[in-house]
Structure formats: structure tokens, C-alpha cells
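*Asks:* mind looking at a prediction? Sequence and model below.
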Amino acid sequence: MNLKKFMMPSALVLAMACSFGGTALAKDKFVIGISNTVQGNGWREEMICAMKAQALASGKVEKLNIAHRNTDAAGQLEDIRNLINAGVDAIVVNPADPSGANAAIAEATKKGIVVVAVDQAVTEPSAYIIANNQEEYAYLGASWLFKQLGGKGDVVYMRGAAGASGDNDRDKGFKKALAENPGIKVVKETFTGWQQDQGKQQILDIINSGQKFDGIWTSGIDNVIVDALTESGSPMVPVVGADNAGFVGQLNSVEGLKGVAVTNPGSIGAAGITLALKILQGDKPASQSVLVNPEAWDNTTDEGKAKLKAAADPSLSPEWPVSIFIPDWTTYTKDQIVACKGPGE
Amino acid sequence: MSSALRRQAWVIGLAILLAALFVFTRIIQPDYGADGFGSLVRAALPFVFAVAGQTVVVIAGGIDLSIASMMALTSVTAATLMDGASEPFGIVAVAAVLLLGFLLGAVNGILVVVSRVPDIVVTLAMLFVWQGAALLVRDSPGGAASEWLKELVVGNLAVPGIPTGITDWVPKALILIVVCLAVVWIPLRRSRLGLSIYAIGSSSLAAFRSGVNVSRTKIVAYAFAGLFAAMGGLVLTMSTGQGAPIPGPYLLASVAAVVLGGVALTGGKGGLLGPVIAVFVLRLVRSDLTFLAVDPNVTTIVEGAIMVVVVMLGALLAMRNRQP
């Protein structure tokens, strides 16, 4: 079989490619790889679109290589290694979990590839991190809810996906707020899997079971919960959600709804692209890790109301976070992110 | 064509397809070489064991929808056992997890045999049961793996005296696959039990009338699927250095590779080599799609389309061969 003969010189080619890796700084356009392990979720789709839009707007990206599918940490190892073999200059990764992809990330950085983890942190020290603070996200929303209830009452706790690290971090924040409010009782705890239909079914089941509750905390599956309360005619209770377009719209318009939208920008993906490009051009950040802290916009104070009014954007898909820009990190226009086109598309 | 060659025609066809894909990969990605091959083998690891388990059950005339959940459960168990434990204890953990996998599979088999509910329904139910059990063991990814275990899948074989030009093409992960599959599959295939597995898959009534204990054989087939699933769980822990309770995409991938590998879903026909080569084909297609930077929303369509075309082409060729 002549396959072997055909493939043998590759080691040499690879060695040459590596030795020229050091000249990457002289380049003016880069190839960036993306690895993401959740597909078909509004937040993650916005993240991907933000990455594409930022790559296009920067003018510094020749091509994006996107590995975007539903898989686990082992699948992410595969994707990152494929991106390494594809010869990308940088990889922006939304990790499946904090340490599962470490082996491949270390292999990438050893080859001189810049790796930036977005949304969630990784424990591999050679990677740069720009992430939303998930513990704070849950703590802010839960604290608002418990204060709203006067520190006393029954709460439904609608989490994300069981076993996901983002859910775990949020659980820490929620439990911290819970510990500060001993009068609050969690009467039902569910995992929505971050799926709209599941979340809605769960809250309808809880309503139909006759379970009494005074407030609902959601991990971002929010607008369907308000829909369920309205449709079933059950009393409106305070709801905690994320800054998703649909929920923000409801906070501005639904009669009797008190709630808070906690920001969790999907555009953090674009910030990852910006950071990767900066590092590729020799501008390294002072710290290896940047945490973006969330804001809470509630519709019970004037300040919150103003923020909600300003942020509302009915033209976005209801599952998309409204915070489509991050100051200093994103330079694209709204049209660009909505178009969801990267360089060369 | 001799009869042996004809029987292996599907496998040979797949091997040619894989070789053609390698050539194609070299054309689109001229750097692709030993490193790329090493990555491919490591990516294939968990899929190979998932498909091995699925193959045994499908040959026995069943199907195991709980395979990915068993991998998750054994993976979190392994990562939890090895967390903070000494290096030598890793051996105990591996043995315990393999035994656990065998037992999980046996439970599946016993439920199928005793309840007389169709395999697909029982194992669908067990998919949720084992997944829940995995979440009880660990509610989020974590744990650890012994260093020597992790080393088993990293890098290439190093044998003094053999030039690195050759050993670069022999990733340790490949040795692991060959050894684990051979140690279990070859003796099984050649034993009376292996023959019984084929027999009950072909026709359980005929097997029963020839004196095969159909129930026991089925339970053992499921138990072996569990054993392979445990190997799959272990390689997940070895490559990620931890255990994750949410099952990965191994169920549908295992069924896909079984079909692509020439194993009849009706049972009784096929071997292990075909499905294993099929895994490599599917993983290499995934690599190529990444190299070509194909729109991620299109990649799954391409993967599915390739499967349909290959299986259809194979069936067409088989039909032509049958004509005088």
C-alpha cells in the first residue's frame, strides 16, 4: 500500500510548520478556531454569531474554523485536536467543563497556539480566560428575589442542566443567598436542561399539583415560565430570569409581573475573539483571567426600569440575550451580529 | 472471489474507503501526518468501545440503548474511586469498574429475558436509570484518574531499536484498542458461547431447538456489552482525567457505526472489525469537515448523508453479487 509512503514526509512538514510558528506575529490576518459543545440553544447560538460578527468587524481574521456541535468533554478534546491539526493561530473555546479539555488545550498552547476560554473557566494555566461570573449571576438574582419576598416564603428553584459546571457554579451562588435568608424554603427543585419546553412543562406540573409558591428562580429559561403563569391564570409571583429578549420584553409589559433580569451576555464569545487577536498581535493582558460581572435589572426600581427599557429589543429572537455588545470588547454593529456571517461567508 | 474474501467484502470495502479518506485528508491538509493520526485514534477511543458493546448485542439480535449511560456511570465511578487514591490503587479501580460494567450489562440482559418486553424498550428505560445513577455518584464533572492510566493513551509506542519514523505512527491508544478488543473478542468469537450469540441472533427458535440456552446467551451478550461500555467509560476518564455524569454522544454513534460496519440490525451477521473501521471513517470525516471549515450546521447533514450513501451502495453491491 503506498499510503504510508504518501504520508511519511508529513512529520517533516509539521516540524517546519512548527518552526515557522514563531513568525506568527508578522502576520496581519489570522485563522481562528472555535470549539463549542452545545448546539441549538439560543444563548450559544448568539455566542457563535457574536464570534463571527467580531471576526468580520475586526478585519484581522482570514478564516474561522468552527467546531460547534452537541458533545461531551471527550468530543471537545477531539475538536480541539482537529483545530490544532488544521493549523489555526488561536482557539476560542467554550469548555464543556473546567478540566475535561485541559489535555488538548495544553497540547495547543505548547504548539504556540493562543487558547482563550470564554463563558466558563478552565483550570489549564496556559489558557487565557474571559468568562461570565456564574456564581455571582445566581447570587444577584436570588438575593433580589428573597429580599422581594421579605426574607420569608416558598420558592421554586428551576436550575439548568444537571451535572453542567455552569449549573454547579450557579448553585453555589444560589445556596449562598439561601444561607443568608433562613426564612426562605425551596419547595420544588427542577432541572430544565436549559430547554424551553421542559421548563414550561415543569412549571405547569407544579401549578397543577396545587403546590403553593411565592417566587420562582430560573437559570435563564424564563419567558416560558411567565407565559405558563399567564396562561394557567395562576397568581403572578416574582420571577428571576436572564437578560433574554423575550423576558426583558415581559418585564416591561406583563401586568403585575415583578422580576429581575440578570445579565449573562452571549457576546462574551466576541470578547474571546478580541482577546485572542490582541494576544496574537503581541498585546498580552495583565492577568490571565478576566471575569465579567453580571448586572441585575429589576422592574421594581426606577433605575432598573430605565435599564430594562433601554435594553428591550423585540427584533431579537426571544431566547437571545439583549446584551449583544460588551463595551471595549465588541466592535460589530447590530446588523452584523443578527446577520451571523463570519469572514468569507 | 473466494468465499472468505466475499464474507469480508464489506470490511475490505470500508478499509478502502478509510484509505481513500486518508488520501483526501492529505490533499486538503498537507500537514496531516502522524500527529493527526494520533489525534484521530484518541478521538476514536470511546466510540470504539461503545460500538464494540453495541455490536455484541446487535449480533445477538438485541439493541442496547443504555450504552452511553453505562459509559457515564462507569466513568464517574472510576473517577470517584481514583480521586485522591494512590497510583497502584488504580488497578483495583479498573478491575472494579470492569466488573461493574459487566454487572450493569447483565442486569439489562436479565430484565430483557425475564420481562419479555422488547429489548429496545427495556434498554431505553435503563438509559434513564443508569444516567440517574451516574448523577447520584457525581452531580457534576470531577474526580481524577491515575497518572499511569492517563499515560496509556498519551503519545506513541516507544520501542528501543525501532526508528521513531515508524513508532510515530503507532499511538499508544491504538495498542490499547487492539489489546482490549482482542483479549475479549477473539476468545469469545471462537468459543461455543460466541457461536451461540450468533445463533440466537440469527434465529432464536432454531437456536433453542439445537439446544442453545437462549436466555442465558442473551444475558451474557448484554453483560459483554456492559463490559465494553465500562472500557469506554474508563477511556473517557483516562482522556479527560475526570468523570462526567451526562452521557456523551455515544449511543447514536454506536448504532451508526454498527450499521456502517456491516452488522445486520436483525442480528446474527457481522463482526467487530467492520464497526471499528466504521468508527475511524466517521471520526476522520469529522476531522475533514473541521479542516474544510464547513458550516457547523451543515456538518451533521454531511455525516448523515455519507452514512446513507455508504450503506445504500453496500446493499446495492451485495445485490449485484448475488445475481448469477
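*Replies:* On my side now, so go ahead. Residues are numbered from 1 along each chain as shown, chains lettered A, B, ... in the order given.

*Asks:* which strand residues bridge residue A:128?
*Replies:* Assessed by DSSP bridges, residue A:128 has beta-bridge partners residue A:116.

*Asks:* for chain B, give me its nearest residue in the stretch 201-345 of chain A.
*Replies:* residue A:345 (8.1 Å; C-beta to the nearest C-beta). C-beta coordinates here come from the backbone N, C-alpha and C atoms, glycine included.

*Asks:* tell me who's in contact with that residue.
*Replies:* By C-beta atoms under 8 Å, 6 or more residues apart in numbering or on different chains, the contact list for residue A:345 reads residue A:52.

*Asks:* cool, and residue B:297?
*Replies:* Counting by C-beta under 8 Å, 6+ apart, residue B:297 makes contact with A:39, A:68.

*Asks:* which parts of the stretch 151-300 of chain A sit against chain B?
*Replies:* Contact residues (C-beta under 8 Å from any C-beta of the partner chain) of the stretch 151-300 of chain A with chain B: A:161-165, A:167-168.

*Asks:* the closest residue to residue A:195 other than its chain neighbours in helix, strand or coil?
*Replies:* In this structure, residue A:195 finds its nearest non-sequential neighbour in residue A:221, 7.0 Å apart by C-beta to C-beta, 6 or more residues apart in numbering or on different chains. With DSSP: H, G, I helix; E, B strand; the rest coil as the basis, the three-state label of residue A:221 is coil.

*Asks:* separation between residue A:126 and residue B:153?
*Replies:* Going from residue A:126 to residue B:153 by C-beta to C-beta, to the nearest Å gives 21 Å.

*Asks:* pretty sure residue A:339 is touching residue A:53, no?
*Replies:* Yes: judged on C-beta atoms under 8 Å, residue A:339 makes contact with residue A:53 at a distance of 7.4 Å.

*Asks:* who's more crowded, the two?
*Replies:* Per other C-beta atoms under 10 Å in any protein chain shown, whichever of residue A:339 and residue A:53 has more neighbours is residue A:53, with 28 against 15.

*Asks:* who touches that one in this structure?
*Replies:* Counted by C-beta under 8 Å, 6+ apart, residue A:53 has contacts A:270, A:330, A:332-333, A:336-337, A:339-342.

*Asks:* one more time with 7 Å
*Replies:* Contact analysis of residue A:53 by C-beta atoms under 7 Å, 6 or more residues apart in numbering or on different chains lists A:270, A:332, A:336-337.

*Asks:* just grab the bridge partners of the residue lying closest to residue A:162 once chain neighbours are set aside for me.
*Replies:* Computed as C-beta to C-beta, 6+ apart, the closest residue to residue A:162 that is not its neighbour in sequence is residue A:191, at 4.6 Å. On the basis of DSSP bridges, residue A:191 is bridged to residue A:159.

*Asks:* what's residue A:191 in contact with, if anything?
*Replies:* A:159, A:161-162.

*Asks:* show the pLDDT at it.
*Replies:* Predicted confidence (pLDDT) for residue A:191: 93.

*Asks:* show me which residues of the stretch 101-250 of chain B sit near chain A.
*Replies:* B:135, B:139-141, B:168, B:236, B:239-242, B:244-246, B:248-249 (C-beta under 7 Å from any C-beta of the partner chain).

*Asks:* now rank these by neighbours and give me the top one.
*Replies:* So for these (other C-beta under 10 Å), the most neighbours sit at residue B:236, 33 neighbours.

*Asks:* and which of the contacts of residue A:191 is nearest to chain B?
*Replies:* The closest of the contacts of residue A:191 to chain B turns out to be residue A:162 (C-beta to the nearest C-beta; 5.5 Å).

*Asks:* quick one: that closest one and residue B:132 touch, right?
*Replies:* No: under the criterion of C-beta atoms under 7 Å, residue A:162 is not in contact with residue B:132, lying 9.3 Å apart.

*Asks:* list phi and psi for the closest residue to residue B:74 other than its chain neighbours.
*Replies:* Nearest residue to residue B:74, sequence neighbours excluded (C-beta to C-beta, 6+ apart): residue B:233, at 3.1 Å. In terms of degrees, to the nearest 10, the main-chain angles of residue B:233 are phi -60, psi -40.

*Asks:* any idea how far residue B:85 is from residue B:233?
*Replies:* 17 Å.

*Asks:* neighbour-wise, which of these two wins?
*Replies:* Each of residue B:233 and residue B:85 has its neighbours counted (other C-beta under 10 Å); residue B:233 has more, 33 against 14.

*Asks:* picking up where we left off before, could I get the contacts of residue A:191 in a markdown table, plus columns for neighbour count and pLDDT?
*Replies:* A markdown table is the format used below for those (neighbours: other C-beta atoms under 10 Å in any protein chain shown; pLDDT from 0 to 100):
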| residue | neighbour count | pLDDT |
| --- | --- | --- |
| A:159 | 23 | 96 |
| A:161 | 19 | 85 |
| A:162 | 19 | 79 |
